Each structure stands twice: as C-alpha cells, then as structure tokens.
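S.K.: Fold the following, please.
(chains A, B, C and D, ligands or ions: 4)
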Amino acid sequence: MLDSGAFVRFENVGFSYGDGPEVLHDIDFTLEPGTFHFLTGTSGAGKSSLLRLMYLAERPSRGVIRLFGRDTASLSRMEAPVLRRRIGVVFQDFRLLQHLSAFDNVALPLRVASVGETEIRQHVGELLTWVGLADALDARPATLSGGEQQRLAIARAVVARPDLLVADEPTGNVDDHNAQRMMRLFQNAHNYGATVVVATHNAQLVKRYNYPQLHLDSGRLNILPVALPPVPHAGPAQMQLPANG
Amino acid sequence: MLDSGAFVRFENVGFSYGDGPEVLHDIDFTLEPGTFHFLTGTSGAGKSSLLRLMYLAERPSRGVIRLFGRDTASLSRMEAPVLRRRIGVVFQDFRLLQHLSAFDNVALPLRVASVGETEIRQHVGELLTWVGLADALDARPATLSGGEQQRLAIARAVVARPDLLVADEPTGNVDDHNAQRMMRLFQNAHNYGATVVVATHNAQLVKRYNYPQLHLDSGRLNILPVALPPVPHAGPAQMQLPANG
Amino acid sequence: MFRRHYDLPLGRDGSGRLVPWIVALMSYLATLAIAAALALGILAWRWTEGVAGAITVLLPPAIEDGAAVNVKAEDARVEQARKALGELPGIGAVEALDAADVARRLEPWLGAGAAPGDLPLPRLLVVRAQRGIKPDLAAMSRAMTEIAPGAVVDDHGVWRAELARLAARVTALAGFAVLLIALSGSAVVVFAVRSGLAVHRDTIEVLHLIGAHDDYITRQFRNHTMWLSVIGGMIGWALLIATGAFCYQAAESLDPALLPRMGLAPWQWVALGAVPAALSFLGMMAIASAAAKRTVRRALAKLV
Amino acid sequence: MFRRHYDLPLGRDGSGRLVPWIVALMSYLATLAIAAALALGILAWRWTEGVAGAITVLLPPAIEDGAAVNVKAEDARVEQARKALGELPGIGAVEALDAADVARRLEPWLGAGAAPGDLPLPRLLVVRAQRGIKPDLAAMSRAMTEIAPGAVVDDHGVWRAELARLAARVTALAGFAVLLIALSGSAVVVFAVRSGLAVHRDTIEVLHLIGAHDDYITRQFRNHTMWLSVIGGMIGWALLIATGAFCYQAAESLDPALLPRMGLAPWQWVALGAVPAALSFLGMMAIASAAAKRTVRRALAKLV
Ligand SMILES: Nc1ncnc2c1ncn2[C@@H]1O[C@H](COP(=O)(O)OP(=O)(O)OP(=O)(O)O)[C@@H](O)[C@H]1O
Ligand SMILES: Nc1ncnc2c1ncn2[C@@H]1O[C@H](COP(=O)(O)OP(=O)(O)OP(=O)(O)O)[C@@H](O)[C@H]1O
Ligand SMILES: [Mg+2]
Ligand SMILES: [Mg+2]
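M.R.: Numbering: from 1, shown residues only, chains lettered A, B, ... in the order given. Ligands and ions are numbered 1, 2, ... in the order given. Sure thing, here's the model as predicted:
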C-alpha cells in the first residue's frame, strides 16, 4: 500500500452534515507519524468538522479516510472503539461529564481501556497537578472556571498517551501563561511520538510555535509549510503533498 | 446619596459559592455610566464570579452591590427582572437555547420585554447580518461552529440595547478579524451610552484597545488606568477610585 | 392563553413524550375505578331495592287424604289470595307463581327431578309494594291466614339488612380503591412532570437572567403541560371507549339468570363512563398543571 | 455485576427519581390484577367443585293421614338411606340434613316463618363422592327408591355446567384486565426509561468517542435501571402488604354466610399475593432493563 506508514490520510474527502451543503470539499492530505500541525482558518471554515472526521465522530460523504493504515469505512463496531482509544480529543466545547469529579473525568479514558485503579490514581493525580488542578480533584466541572474546565479537557485528552492527539481550540479560555503550559503538554505528547493536530484561532500561538499549518479556506485545504526555521525541540513536520492536492 | 449617579458600585463585597472558600475578597469599585473596562486576571482569579454578581446571577456573601443607583439586596422578585432587562450578558459558555433557532435566540430578550414582532424581525435580522450569521437565521445552535455560537451569544447580549453590557471572554472562539468585529459591537454599545465590561484573557485585545482594566489577582481587585493615550473614538473611561481601594 | 411561541424546549424532550401517556393511563385507571365503584353501588342498591320491595306470601300445600295434592284447590286459593292482596292499600303488582315456578325456584335445593305434583310444595305469591309506601305486613298476614291457615308473609327483613351491610362494605372497598389509584396516579403524574422539567433547569436560568418574570416562565411550562395532559386525556378516552364496548358486550353475553342485572340503558352506560372520565381527566390536568407550576416555582426560588 | 463505579450520571437525574415509582405502581397494579384473577379463579373452582362433588338425595316427606308429618318415620328412613348409600362404591361422606336444616336452606324462598313441622318438606341427604370417582347415579337412585318411593337423586348437572361457564367467563375477564394492565404498565415503564435516558445522549456520545465499547455503555445503563426497578419493587411490596392486610381484614369482617368463602389459610393468602408479586416484579424488571438496553443501543446506532 502506498501510504502504509501514514498515520492520517484523507483521500479526496468531501463532507456535509445530513442533507446540508458540503462544508468540506476535496480534502486530500497525509500526516506522517510524529508530526505536529496547526489547523487554521476563519470561524466556520470547517476546522471542527475536519477534526470530527479525524476522530471518527463523523463519516465522510465521499472519499476515503485512513487512520493508522486502516480504511475507516471498513471498521466494524468492535474495531472502531479500539482505534478511538488511540486518539485523544480536546473538544471545542470541552464535553466534560458534569456528574463526575475532575479526577473521574480525566480517569475516564483509562477506565474505558480497563487500566488498573492504582495506576490510574497515580497517573491522573500527576497530570492534574501539571495542569494546575491539584486542589480540584473532587470538584464537579460546573464548579470550575472556564479556563479550569479547558485544562481539565486537555488532561483527559492526553492521559491515555494517544498516538493521535487532536485539539480543537484548546487555548481559547486560558491566558497566555496557561496557553504555553498547555502547548508544552502537546509538545510532550509529540515528543513521545504522538501525531498532533491543534486547531486554533490564536495567530500569536501559530507564530510563536511555528509548526506547519493545515489552513482551511471555506472548506478547502491548503498546506502552509513552516515559514521560519523550526524551534529546536520540535523538528519540522514531514509533509507529503498529494499528487492531486 | 453619594453614588446616585454611579451605574455599578461594589462596596466591600466578598463572595463564596455555597460553603466553599471565598473567591472574591473586599471588592470595592465604582463604574460611572458610559465607561468601558476590561476585566483581566489569570484563569480562576474570579472574573466570571465578579461578572455573575454584576448581572445579578449571584448575591454577595457580604458587602453591598448597587446597580443603577439601587441596592440590589433590596430588590423584590418583581423588580429584579426589570433591572436585569437593562443588562446584556455574554456568558462564557454561551448558554444558547438549543431548541431555538438562531433568530429566536437573539429575539429572546426582546420577546421577554414584550417588544412587537415587526420590530423584532427587522432589528434581529440586521444584527445577525452584522455578526455574519445572515445565512443561519433558522439554524439551531448545535449546527453552528464554535465561533458562530459565540457571535450569536454576543448578538443576544446587545440586541435589547442594554444600559450595562457584560461580556465574559467573548472572543475566545473567534479569530482576530472576527474579534475586532465583535469589539466594534461593544464599542457601538458604548457609543450610544452603555457601560461595558469585557472579561478577557486576550492580552492582544487589551493592548490594542487600551481601555482601563479591572485586574483580579486571586480574588482581589486592582484598577489599572489606561497606559497610553486612548484610541481616538473611545475616550478614556472615567475612573473613580474608592477611598479605601 | 396558549402562546403560539414557546421559548422553552417543550414538546421535544423526554417529558413531552412521557406526560401524555402517564396522564392517559392514570386517568384511564382512575375512571375504571370510579366507574367500578359506581356500578357496584348501583348494583348493590338495585339488589337491596329488589329484595326489599318484594314481599313473599307462602300458602301451604293443599293436601287431600294420602299424599296427593289437590291442584285445583290450590289454584283457587292462590287466586283468592291474589284478589285479597290487590285490595289492600299500598300494594302494587301481585305475581302468583304456579307450582312449576315454585319447583323451579327450589330446584337448586331439591334437585332437578322434583316435578310439581311429586311433592307437596307450598305456593308462592310475590307482592311488590307501591314505590315509597311501606305496606302493612300485619294486615296482609291476617288476610292470608283467613284464606289459608298456616300462610306466611315475609318481607325478607333479615336478608335486607344483610345485603345493605354488604353493599355498604363493597362500595367502601371500591371507594378505597379509587382513592388509592387517584393518589398513586397523582404521584406518578407529579413525578413525571417534575422529572421532565428538571431537564430544563438551564433554560429556566437563562430566561431568568435575561429578565423574564417568574410568571412568564411558569405560564409557559404550565400551559404546555396542560396541553400534554389534554393529549393524554384523548388517549385515555380512546382506551376507555374500547374498554367500555368490550365490557358491555361481555356483560350482555353472560347468562342473565345468574348475575343480578344492572338494568341500565346504553345511554346510562355512557353516563357511567363519561362522568368518571370527565372527573379524572380534569383531576389529572389540574394535578399536572399544579405540578408544573410548583416545579418551576421551586427552580426559580433557587435562583437569586 | 453491578459496577461500583458508574461513568454515567445515573441516579442523579429525573429518570432516576421517576423509574422506581413507576415500576412500583405498575407492578403493584399488575399484582392486584393477577391476584384478583387468581382469587376469582379459585373461588369459581371451589364453587363448581363444591356443587359438582355433592349429590343431593331427596326423600319425600312421610305424611300420615291429614297433613301431619311423621317425623320419626322420616328420621328412620333417612338413617336407612344413609346406611345404604355408605355401602355403595365410590361414596365418601354422607350428610343428612334434619328438618330444621332443610327449612333453613329453603328460607330465602319460603320466608323466615316456615318452621319445620308446619309444612311437609322433603328430607335431604348430601352425598360426597370420593375424590376422582364418578359414582353410579343409577345404582343410588335404585337403592333410594327402594327405601322411599319418590326419592330423587340429583348431581346438579345443569348448575354445574352453568357455573363452569360463568367461572370461565369471569376468569377470562380478569385475565384480560391483567393483560391490559401489564401492557399499559410496560408501556409506561418503557417510556419512563427511554425519556430518562434521552437526557444522557451527550454522555453516551462522549463515552463512545473516548473508545468505550457499546456493551460497556449499555451494561451500565441496564444495571442501573435494574437497580432502580428493584427499589421500585420494594416500594410496590410495601404497598402490597398494606393492601393485603386491609383486604384480609375486610374479607374476614364480611358475613361468611353471604359470600362463598375462599377457605384459604393465611399462608395461602400470602402465596396468593407473593406469586403474582414475584411475577409482576420480575416482569417489570425485565421490561425496564430491556427498555434501557434498547434505548442505549438505538442512541449508539445513530453514532458512527
Ligand atoms: N459554581 C461554582 N461553585 C463553586 N466554585 C466555583 C464555581 N464557579 C467557580 N468556582 C471557583 O471559583 C474560582 C473563580 O472562578 P471564576 O469562574 O470566577 O474564574 P475566572 O476568573 O472566570 O476564570 P477563567 O478565566 O478560567 O474563566 C475558581 O477557583 C473556581 O473553581
Ligand atoms: N452539526 C452540524 N450540522 C449542520 N451544520 C453544521 C454542524 N456543525 C457545523 N456546521 C456548519 O459547518 C460549517 C463549518 O463548521 P465548523 O464547526 O467545522 O467550523 P470551524 O472552522 O470549527 O469554526 P469555529 O472556528 O467557529 O469553531 C459552519 O458553517 C457550520 O454552521
Ligand atoms: Mg470549531
Ligand atoms: Mg471565567
């Protein structure tokens, strides 16, 4: 297979919600394992929609999506969850479970994957300390501030050491200082080998970290390579421009 | 009365959620009518809590809050709604009504205030066009992108021409271009006489617009006057530092 | 009264789907219970009435030498007694049972083979008093003894008292069942409405913060719940009409000799269903709307 | 089977509060209906059994010249008949009613004043066949006619058929009521569970996207719903015990002469309640858990 090593491969993907207009047109790109990309574009350009396809929340209307070398269209109901556990997601609207404590929210991906409780306790505790929520282990999401909820959502996405980390506007509710802390979490995941895609409006952030961009313009994708030499600890993402891109 | 003209006056206000720790301490400030302030502070500093007090969603644990010259503690259940209609709020989590169309969401404050349907139709239509949602009049909030939802929330806050406009992180989900459009909406409200308070993490925004800041640091308020000469079209807000501030 | 335009997500959520069915079922059950209580009451009343109004006159058999019965003499005495009774004040119809009738009435006790003539049986006259008049038993007794010594006049006083007691008990029991069903039905409707509305706490809060008066919010919920109750009532009516038709058929097909008849005309049957139905539907609607109002008020009271 | 740790907000929402009450009410009503059907069935069975097993032998009155009854001769004949019957095959107990007994039995028809001796009444013997054996009526008839010419032997064939028909009808009607209540009860439980779970669609979606298998999600909902049903069952039991105690008291206080007795020992009464209760609780639990499972599966099927 041509793209057997490719982690994420979109082939001529089009997507529309229900019978609505197509919001993504002819999306065609490959992300090699261990790369880090920003996903940019104006509001309503289709960033969240593209990510939803990537984390298997939606199926493309046309075209093929391959994840970890598998055609996602052929996944059975038993196989899909196994694939999903390799993907960490920060939802734009957080999607924390309101009835669970901060701790249990972060522990959820581990529990779903049947990780032991002792390991969970240690791992989750550490991570919550890192995102600055050490005092809020037992707090319900509703009693957290907007930024605290966002940090909790990020912790839940990275806790299971996913192979693919997908974050939708993960720094919209935190200040610059915290945004950098969160970026360090993503870089950390990147360093241990995860493929990372971060959708953001924050031009500042994109400029500072200077990873290659997937840029959406009303549903069409352009790939912008890095403008300047990359920051030392995060080598330039390897881009493979599709022939018909 | 000393502060009869004051629009918003906090006197030695302390606040805690339920039996929890105090999240706001000795808040003491006055906002004169027609002023424009940013509310800044790190995540969890208490910005949303302060705004919740301001838009009458919570009562202070101690101290006095005066709005439009009235002590809010003495409001009857019939008077409070009338006061609330003079306040426009952009919630940090939008709080759009999921079952209503974009149009009906924006029309809600007018309907609650018994405005006629013809007026509503014209007014709401114009406003939705301005925030770039002219095509989405009938869309449910769930079918809008994150930024579109945020713009909808802002439209709902300003539609009834409130005397006090309170926005909690109103630009977290929109790009720079849209953030400036939204700021222009707030400035517009400011121009026709509204008192505006915008909580934000966006240092960029604060720097660019250079309004005076209410700065929260772990529950304590400092007032930072404007650093540079104000931008021309928005005269410097008049600050009245309290004696014991 | 019903706003065309709701700000609340009513009708699209769980509560919207649940409330009509619960109201339907509960008002259906309540109606059945009330109707059953009413029917039992009517039945018991008719029963005691039927027995109470009737006076039995028993003429001993006219036996000639040996064991042969003189049927002609008996017939003559019965005719004589009937005339005498007809002349007494307060007496309505007088029905004379011939020997075969009497034998049939005694059949359960004497066996089917007991044909008239085989046994010396007494002759019976069933006397109905005029409505509302208590006939003079002593006078009747005197008149009868003149015609046939040993005649007995009986107004079933013992039976009447027993039956009255039974009827009262049965009606009380049915009433208790109605109460029970009404109570538990109300509880379920209250729970359904409340748990349905709990989903809308966020919406209530937003409306509140936007400056809606408590009444503005409460009214919408109450009106909507009323509307759901009306739908539920219709479903309940459909069920009831089906059940009523079935019961009427079933009752008709039962052997009339074995069960005391209700003796109601079809329109009376309809009334027997319609009155409790109207009662329970109105009750359920009142309960549902009160539950909606109370729930919203409580949610609002928690808000500043 | 019951995970200590739920990822789902069960037990804190509307559905958590509603389901137990609905299960309680529905299983309560279903139990009452089943118990009523059972009780009616037993009653009807005992009734027909009581009549069917008994054969009535009727000896004509022994009348001397005039109309005087020779009581001694009658007593002797009754004793003779009793002996003769006892010697026939397949005969169990033989009970002879004395003249007073017969008069009492005829009282409803003849009036309370008909004292023995006043009238020439036949004497009755009630013969019980041995269990499972159909006695030879012809032989009995022959034996009796020898002792007293004109004696009648009757096994109440007509009545038996009538009663059997009545019993079948009443039981069918009660069965229909059970079916109706069970159906509507199930419908309400299904609706309650479904509308309760509809609230959790977002949670289900998040779990799904995090990589939970369908079973992982379904099991939690099903287990929790089962648990709610168990609570509902307990409430239903409490209600039932109260109702049972009340009904038992009420039945005991009724005049035993007027109603056919059930003749059940207290433990039999308990069984009469426990069996339908167990049945309906298990049924409601099965329904609730199936509803939960189906709802979650449908919600999941909508997700990619
Ligand atoms: N409903 C609540 N119940 C209890 N505690 C709460 C509640 N809401 C907020 N808090 C706590 O109060 C503190 C201040 O929260 P607040 O939301 O005011 O912060 P913020 O300045 O708006 O933060 P952010 O920028 O992240 O939105 C936080 O520590 C938070 O955990
Ligand atoms: N569930 C949905 N059903 C129908 N249309 C939808 C749905 N979600 C999004 N859309 C539409 O699809 C388009 C792209 O939305 P999307 O959320 O992907 O944008 P986005 O790039 O993430 O924007 P933002 O930066 O504002 O979050 C928008 O026009 C939006 O209205
Ligand atoms: Mg988005
Ligand atoms: Mg906040």
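S.K.: sec struct for residue A:182, please.
M.R.: helix (DSSP: H, G, I helix; E, B strand; the rest coil).
S.K.: Is residue A:173 in a helix, a strand, or coil?
M.R.: Classification of residue A:173 using three-state DSSP returns coil.
S.K.: give the contact list for it.
M.R.: A:146-147, A:149-150, B:43, B:92, B:169, B:172, B:201 (Cβ atoms under 8 Å, 6 or more residues apart in numbering or on different chains). Yep, even glycine has a C-beta here, placed from its N, CA and C like the rest.
S.K.: Neighbour count, pLDDT and secondary structure for those - can I get that in TSV?
M.R.: Shown next, in TSV, are these (neighbours: other Cβ atoms under 10 Å in any protein chain shown; pLDDT from 0 to 100; DSSP: H, G, I helix; E, B strand; the rest coil):
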residue	neighbour count	pLDDT	secondary structure
A:146	23	90	helix
A:147	27	91	helix
A:149	23	94	helix
A:150	27	93	helix
B:43	21	90	coil
B:92	22	91	coil
B:169	25	92	coil
B:172	24	87	coil
B:201	26	90	coil
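S.K.: what's the burial count for the closest residue in space to residue A:192 that isn't next to it in sequence?
M.R.: Nearest non-adjacent residue to residue A:192, counting by Cβ to Cβ, 6 or more residues apart in numbering or on different chains: residue A:161, 6.8 Å away. Residue A:161 has 16 neighbours, counted by other Cβ atoms under 10 Å in any protein chain shown.
S.K.: isn't residue A:161 right up against residue A:191?
M.R.: No - contact between residue A:161 and residue A:191 fails when scored by Cβ atoms under 8 Å: they sit 11.4 Å apart.
S.K.: just for chain A, where's the confidence low?
M.R.: Along chain A, segments meeting pLDDT under 70 span A:1-6, A:227-245.
S.K.: List phi and psi for the residue nearest to the spatial centre of chain A.
M.R.: For chain A, the residue nearest the mean C-alpha position is residue A:166 (0.5 Å; Cα atoms, centre = their mean). Backbone geometry at residue A:166, expressed as degrees, to the nearest 10, gives phi -120, psi 120.
S.K.: how much space between it and residue D:209?
M.R.: When distance is defined by Cβ to Cβ, to the nearest Å, residue A:166 is 11 Å away from residue D:209.
S.K.: What of residue A:218?
M.R.: Taking Cβ to Cβ, one finds residue A:218 at 26 Å from residue D:209.
S.K.: who has more neighbours, these two?
M.R.: Set residue A:218 next to residue D:209 and count neighbours by other Cβ under 10 Å: residue D:209 wins out with 20 against 12.
S.K.: does any bit of the strand or helix carrying that one sit next to chain A?
M.R.: Assigning secondary structure by DSSP states H and E places residue D:209 in helix D:201-210. Yes - residues of helix D:201-210 contacting chain A under Cβ under 8 Å from any Cβ of the partner chain: D:202-203, D:205-210.
S.K.: Give me the buried entries from the residues you listed.
M.R.: With burial judged by 16 or more other Cβ atoms under 10 Å in any protein chain shown, the buried subset of the residues of helix D:201-210 next to chain A is D:203, D:205-210.
S.K.: Can you show me the helices along the stretch 51-200 of chain C?
M.R.: Per DSSP state H, counting those that start in this stretch, the stretch 51-200 of chain C carries helices over the ranges C:71-87, C:99-110, C:137-147, C:157-198.
S.K.: picking up where we left off before, from the contacts of residue A:173, which is closest to chain C?
M.R.: Nearest to chain C among the contacts of residue A:173, counting by Cβ to the nearest Cβ, is residue B:92 at 13.1 Å.
S.K.: those strands in chain A, which residues are they?
M.R.: All strands of chain A, identified by DSSP state E, fall at A:8-16, A:22-31, A:36-40, A:62-67, A:70-71, A:87-90, A:164-168, A:195-199, A:213-217, A:220-224.
S.K.: buried stuff in stretch A:58-74?
M.R.: Those would be A:58, A:60, A:63, A:65-68, A:72, for stretch A:58-74 by 16+ other Cβ under 10 Å.
S.K.: Count residues in the vicinity of residue C:283, would you?
M.R.: With other Cβ under 10 Å as criterion, residue C:283 counts 18.
S.K.: Same question for residue C:96.
M.R.: Around residue C:96 there are 18 residues (other Cβ under 10 Å).
S.K.: interface residues of chain A facing chain B?
M.R.: A:17, A:20, A:42-44, A:47-48, A:92-93, A:143-148, A:151, A:168-169, A:172-178, A:201, A:203-204.
S.K.: Out of the residues of helix D:201-210 next to chain A, which comes closest to residue D:122?
M.R.: Closest approach between these and residue D:122, by Cβ to Cβ: residue D:203, at 81.5 Å.
S.K.: wouldn't that closest one be in contact with residue A:100 here?
M.R.: No - the pair residue D:203 / residue A:100 is not scored as a contact, 9.3 Å apart, by Cβ under 8 Å.
S.K.: what helices or strands is whatever helix or strand residue C:276 lives in leaning on?
M.R.: Here residue C:276, judged by DSSP H and E, is contained in helix C:266-302. Counting by 3 or more Cβ pairs under 8 Å, 6 or more residues apart in numbering or on different chains; DSSP states H and E, the packing neighbours recorded for helix C:266-302 are helix C:14-53, helix C:157-198, helix C:201-210, helix C:214-253.
S.K.: how about those in CSV, adding mean pLDDT and distance to ligand 4?
M.R.: Shown next, in CSV, are the helices and strands packed on helix C:266-302 (pLDDT from 0 to 100; distance: least, Cβ to the ion, whole Å):
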stretch, mean pLDDT, distance to ligand 4
helix C:14-53, 70, 31
helix C:157-198, 70, 26
helix C:201-210, 89, 16
helix C:214-253, 81, 26
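S.K.: OK, contacts around residue 140?
M.R.: Just so you know, I chose chain A. Per Cβ under 8 Å, 6+ apart, neighbours of residue A:140: A:98-102.
S.K.: my bad, the chain I had in mind was chain C
M.R.: C:55, C:57, C:85, C:88, C:127, C:153.
S.K.: Smallest distance to ligand 1 belongs to which residue of chain A?
M.R.: residue A:147 (2.5 Å; Cβ to the nearest ligand atom).
S.K.: you'd agree that residue is up against residue B:43?
M.R.: Yes - the criterion here is Cβ under 8 Å, and residue A:147 meets it with residue B:43 at 2.8 Å.
S.K.: Now do the shared contacts for these two.
M.R.: Counting by Cβ under 8 Å, 6+ apart, the contacts common to residue A:147 and residue B:43 are A:173-175, A:178, B:201.
S.K.: so can I have TSV of these showing distance to residue B:10?
M.R.: Below are the shared contacts of residue A:147 and residue B:43 laid out as TSV (distance: Cβ to Cβ, whole Å):
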residue	distance to residue B:10
A:173	24
A:174	26
A:175	23
A:178	27
B:201	22
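S.K.: so where's the stretch 51-200 of chain C shaky on pLDDT?
M.R.: Checking the stretch 51-200 of chain C against pLDDT under 70 turns up C:51-54, C:62-69, C:103-121, C:131-132, C:156-167, C:169-170, C:173-174, C:177.
S.K.: If you tally nearby residues, what's the number for residue A:31?
M.R.: Neighbour tally, residue A:31, other Cβ under 10 Å: 25.
S.K.: need the contact list for the nearest residue to it once chain neighbours are set aside.
M.R.: With Cβ to Cβ, 6+ apart as the criterion, residue A:31 has its nearest non-adjacent residue at 4.1 Å, and that residue is residue A:8. Counting by Cβ under 8 Å, 6+ apart, residue A:8 touches A:30-31, A:54, A:65-67, A:164, A:195, A:197.
S.K.: Enumerate the residues of chain A near chain D.
M.R.: Counting by Cβ under 8 Å from any Cβ, chain A sits next to chain D at A:55-59, A:77-78, A:80-85, A:87, A:89, A:95, A:97-100, A:104, A:108-109, A:111-113.
S.K.: out of those, which are buried?
M.R.: Among the residues of chain A next to chain D, the ones that count as buried (16+ other Cβ under 10 Å) are A:55-58, A:80-81, A:83-85, A:87, A:89, A:95, A:97, A:99-100, A:104, A:108-109, A:111-112.
S.K.: Brilliant, that's me finished.
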